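Engineer: starting from these lines, generate the structure:
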Amino acid sequence: MIRAQIVGATGYGGVGMVELLIRHPEIRLTSLLAVSDVGKPLSAFYPHLRGYCDQVVEEAKPERVGQDADLVIFSTPDRVGMGYANELVDRGLRILDYSGDFRFETPALYEWYAKAHPNIAGKPHLAPGLFDRSVYGVPELNRSRIREASVVGNPGCFAVAMILSLLPAIKAGLIDPRSIISDGKTGISGAGKKPSATNHFPERNESVTPYRVASHQHVYETVAALEAVAGEKVGITFVPHLVPLTRGIIVTSYATLRQDVSEAEIQAVYEETFAGEPFVRVLPAGSTPGPKAVAGSNLCDVSIAVDAENGRLIMVGSIDNLMKGQAGVALQNINLMFGFPETTALERSPIYP
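Structural biologist: Residues are numbered from 1 along each chain as shown. Coordinates of the predicted model:
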């Protein structure tokens, strides 16, 4: 039985992991740590967990992190997990980190990402010796390497939808990888649990708002991951939008086709690329995904269409941002890390309506 500790257990990402692990036959939650909402059972803050997880949330004191655990899950902001990582890995523990700390496989890529973020720009990585032992956690890209990794950097939610919907076209050389324009829509839970003036109900209801235009952090990891596949420069102009949904993401990407190729041929490429993938559904031609169709599941729905008149390919990916975009893909990675069947505790259908 694997002993798991969650640091940051009272945020949406931490609670999402609790919801999954309480049903996992091979993993036992030994402790829940947080910096707020401590000293009471988790179910006191999240009543839906009453009777399922009444474990008391403890203060995340440094000396408590990594105690009585084989796996530490950091559902924390940037630079928290990296501060503990060296010691934990030296002790033989394995780490799953939700933040951007370990999403990049070289110091240069991490610095490129960090420069665009005022809160971490100019600050050195605190565990540079772990770049060779960490892996970017998109199973459809890095499955074999995740199995051996000491540290897995869980991907960003928008990045998952972009990477999976763009991957077959990039891999097959069907599109000009420098011509990509991606439009994303996300539910407000993507902003996390902490309320703010921009994400309370009167602001979000009946509104669609672009934000971090052409500067969202998830585009950096998406570009890095796809360049490793393409073997050439990838350029993505990405504009995310907040929409009045609780959960869910849809990303529609547009790119210039490199050759005259039919929609049926591209559909076949997508179906072949994802054949056997347990959590990617390539939808039939003419169908388009939407967040409602994947809500509550670890699925990613992907579809394509060709704008023949203008020589463009349209690629759509849709996920539940709290599942395939966060806790679900995290557990998928953990299952790989510990040799469990990849779908363990994730075999749940979408919630509808």
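Engineer: mean pLDDT per helix and strand in the protein: which one sits at the bottom?
Structural biologist: helix 201-204 (a mean of 77; mean pLDDT, DSSP states H and E).
Engineer: any idea how far the following helix or strand past that helix is from the chain center?
Structural biologist: Of the helices and strands lying after helix 201-204 in sequence (DSSP states H and E), the nearest is strand 209-210. Strand 209-210 sits 21 Å away from the centroid of its parent chain (Cα atoms, centre = their mean, to the nearest Å).
Engineer: distance from the longest helix along the chain to the middle of the chain?
Structural biologist: As assigned by DSSP state H, the longest helix anywhere in the chain is helix 157-171. Relative to the chain's own centre, helix 157-171 is displaced by 12 Å; criterion: Cα atoms, centre = their mean.
Engineer: please apply the same query to stretch 203-217.
Structural biologist: 19 Å.
Engineer: quick one: end-to-end distance for that stretch.
Structural biologist: Using Cα to Cα, to the nearest Å, the span of stretch 203-217 from its first residue to its last is 23 Å.
Engineer: that one: which residues count as buried?
Structural biologist: Residues of stretch 203-217 classed as buried: 204, 216-217 (neighbour count, 16 or more other Cβ atoms under 10 Å). Glycine gets a C-beta too; all of them are placed from N, C-alpha and C.
Engineer: dump the residues you listed to CSV, plus distance to Ser144.
Structural biologist: CSV is the format used below for the buried residues of stretch 203-217 (distance: Cβ to Cβ, whole Å):
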residue, distance to Ser144
Arg204, 41
His216, 29
Gln217, 27
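Engineer: list just the nearest of the residues you listed to Gly311.
Structural biologist: For the buried residues of stretch 203-217, the residue nearest Gly311 by Cβ to Cβ is His216; the value is 27.0 Å.
Engineer: thinking again about what came up before, what's the first helix or strand after the longest helix of the chain?
Structural biologist: Taking DSSP H and E as the definition, the helix or strand right after helix 157-171 is strand 180-186.
Engineer: just checking, what packs against that following strand?
Structural biologist: Packing contacts for strand 180-186, counted by 3 or more Cβ pairs under 8 Å, 6 or more residues apart in numbering; DSSP states H and E, involve helix 157-171, strand 236-242, strand 249-256.
Engineer: the same query, at a cut-off of 6 Å, please.
Structural biologist: Applying 3 or more Cβ pairs under 6 Å, 6 or more residues apart in numbering; DSSP states H and E, we find strand 180-186 packed against strand 236-242, strand 249-256.
Engineer: please name the strands paired to the longest one in the sheet, noting orientation.
Structural biologist: Yep, that's strand 249-256 we're talking about. Its sheet considered, strand 249-256 pairs with strand 180-186 (antiparallel), strand 312-319 (antiparallel) by DSSP bridges.
Engineer: try the shortest one
Structural biologist: The strands beside strand 236-242 in its sheet (DSSP bridges) come out as strand 180-186 (parallel), strand 209-210 (antiparallel).
Engineer: redo those strands as a markdown table? Include distance to Glu221.
Structural biologist: Putting the strands paired with strand 236-242 into a markdown table (distance: least, Cβ to Cβ, whole Å) gives the following:
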| stretch | distance to Glu221 |
| --- | --- |
| strand 180-186 | 13 |
| strand 209-210 | 20 |
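Engineer: can I get these in TSV including mean pLDDT?
Structural biologist: Below are those laid out as TSV (pLDDT from 0 to 100):
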stretch	mean pLDDT
strand 180-186	97
strand 209-210	91
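Engineer: winner for burial among those strands?
Structural biologist: Across the strands paired with strand 236-242, averaging neighbours per residue (mean count of other Cβ atoms under 10 Å) puts strand 180-186 on top, at a mean of 22.
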